[in-house]
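Give me a 3D structure for the following:
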Amino acid sequence: MKTLPLGKTGLTVSQLCLGTMTWGSHNTENEGHAQADLALDHGVTFWDTAEMYPTNPVKAETVGRTEEIIGSWLALRGGRDRLQLATKVSGRGPVVRPGEPITGASMRAALDASLKRMKTDYVDLYQLHWPNRGSYHFRQMWTYAPTGTDKAAETAHMTDILTSAQALVAEGKIRAIGLSNESVWGAARWLHLADTLGLPRMGTVQNEYSLLCRQFDTDWAELSLVEDMPLLAFSPLAVGLLSGKYAGDVTPGGTRRMHTPDLGGRITPHVFPAVAAYLGIATRHRLDPCQMAIAFTLTRPFRTIPIIGATSLDQLRTNIDAASVTLSAEVMAEIAETHRAYPAPY
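Residues are numbered from 1 along each chain as shown. Sure thing, here's the model as predicted:
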């Protein structure tokens with residue numbers, strides 16, 4: 001497994017990141033441990049989680065369980081220094097600290113709880129799960145209307161977060177800080193304040209990105225490249241749609257769609273024709289569709305680290321092996337043609 005610098009954070013990580021959000025819901029603790037073992041054996045040392053996980057669905061009674069499973073794995077296996085662990089603090093929402101925005105104080109409290117659950121003294125990358133002011137992600141773009149953010153209030157909030165992050169870095173509790181579900185304006189403002197005030201720089205952004213969701217390819221692509229802010233691409237398989245398992249609008253047993261029938265708003269009249277087109281490319285070129293989809297994210301002009309998750313070990317092996325797949329010029333041309341035909345299927 002190749003390794004690469006994580007932007008300007010000073011961290012070096014594997015080119016794939018292990019997603020863990022099913023551990024504690026779709027996967028048992030033992031299954032989570034088995035996935036962790038397999039990932040580490042294949043050199044996937046960069047792992048991502050969040051205080052609110054597991055998800056699909058998120059339940060008050062399971063919040064933090066994924067981090068606990070990582071903690072029990074670390075207690076059994078040791079070797080914390082072999083990993084680069086990333087987790088997130090939740091913002092306003094119905095389950096974790098309902099209605100409470102992210103502040104410097106709430107971030108510190110959430111981090112301390114995450115460290116306790118994961119049985120570690122530090123987190124390599126600590127991310128804001130979503131901005132306090134809201135965002136257009138998760139299909140909210142169709143009704144998104146910026147409300148005129150109070151720039152002074154937002155500046156004070158960001159300064160509070162960055163100042164708290166500086167203290168947490170000094171205390172050795174975090175090594176870098178990052179964003180998630182953020183906009184270009186938000187990221188630019190975070191970077192400006194960090195540079196102006198001499199505070200820690202937001203090093204990464206974790207946004208959705210796949211063959212079916214390519215919002216990142218325009219303004220975000222420019223900012224990511226110029227500012228060396230890598231994309232941690234979540235849902236590179238479009239929550240399983242690009243595997244073909246839901247083709248024909250079916251719901252196989254044991255899949256995420258049993259719990260989330262519309263797959264978070266991704267099931268639309270346009271999605272299955274788009275999926276069929278991408279599956280056709282994979283078939284014509286004798287590629288595994290999951291590997292094709294993940295390998296595509298590695299071709300971007302901006303630094304992209306896909307977050308791969310799985311329910312089974314076989315799925316995880318397949319996804320990890322995508323790191324060794326090179327897509328031909330013919331495949332890339334067909335992907336580009338299909339993207340123009342289905343630019344925003346959900």
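
Tell me where the stretch 51-200 of the chain is predicted with low confidence.
148 (pLDDT under 70).

Look up how far residue 1 lies from residue 41.
From residue 41 across to residue 1, the span is 10 Å (C-beta to C-beta, to the nearest Å). Bear in mind the C-beta positions are built from the backbone N, C-alpha and C, glycine included.

of these two, who's got more company?
Ranked by neighbour count (other C-beta atoms under 10 Å), residue 41 and residue 1 place residue 1 first, with 14 against 9.

Neighbours of the closest residue to residue 268 other than its chain neighbours, how many?
In space, and not counting its chain neighbours, residue 268 is closest to residue 346: 4.8 Å by C-beta to C-beta, 6 or more residues apart in numbering. Here the number of neighbours of residue 346 (other C-beta under 10 Å) works out to 20.

Please name the residues that touch residue 346.
Counting by C-beta atoms under 8 Å, 6 or more residues apart in numbering, residue 346 makes contact with 139, 212, 213, 265, 266, 267, 268, 270, 271.

Now list the buried members of these.
Buried by 16 or more other C-beta atoms under 10 Å: 139, 212, 213, 266, 267, 271, out of these.

Pick out the most distant pair among those.
Pairwise distances across these (C-beta to C-beta) peak at 13.5 Å, for the pair 213 and 267.

for residue 69, helix, strand, or coil?
Of the three states, residue 69 takes helix according to DSSP: H, G, I helix; E, B strand; the rest coil.

thought it was touching residue 34?
No - between residue 69 and residue 34 there is no contact under C-beta atoms under 8 Å: 11.1 Å.

Who has more neighbours out of those two?
Taking other C-beta under 10 Å, residue 69 and residue 34 do not tie; residue 69 has more neighbours (27 against 16).

Next, give phi and psi for the most centrally placed residue in the chain.
Centroid-nearest residue in the chain, with C-alpha atoms, centre = their mean: residue 234, separated by 3.6 Å. The phi and psi values for residue 234, taken as degrees, to the nearest 10, are phi -90, psi 150.

now the nearest residue to it once chain neighbours are set aside, what's its secondary structure?
Nearest non-adjacent residue to residue 234, counting by C-beta to C-beta, 6+ apart: residue 307, 4.8 Å away. Three-state assignment for residue 307 (three-state DSSP): strand.

gap between residue 307 and residue 21?
9 Å.

quick one: buried residues of stretch 325-337?
By neighbour count on 16+ other C-beta under 10 Å, the buried set for stretch 325-337 is 325, 327, 331, 334, 335.

what sits against the second one?
Applying C-beta under 8 Å, 6+ apart, we find residue 327 in contact with 287, 292, 295, 296, 299, 335.

Go ahead and build a PyMOL selection from the buried members of these.
Buried residues among the contacts of residue 327 (16+ other C-beta under 10 Å), as a PyMOL selection:
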select buried, resi 287+292+295+296+335
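
The contacts of residue 327 into a markdown table, with extra columns for secondary structure?
Conversion of the contacts of residue 327 to a markdown table gives the following (three-state DSSP):
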| residue | secondary structure |
| --- | --- |
| 287 | coil |
| 292 | helix |
| 295 | helix |
| 296 | helix |
| 299 | coil |
| 335 | helix |
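
Most widely separated two among the contacts of residue 327?
Between any two of those, the greatest separation by C-beta to C-beta is 13.4 Å, found for 287 and 299.

Give the bridge partners for the residue nearest to residue 234, please.
Beta-bridge pairing for residue 307 (DSSP bridges): residue 17.
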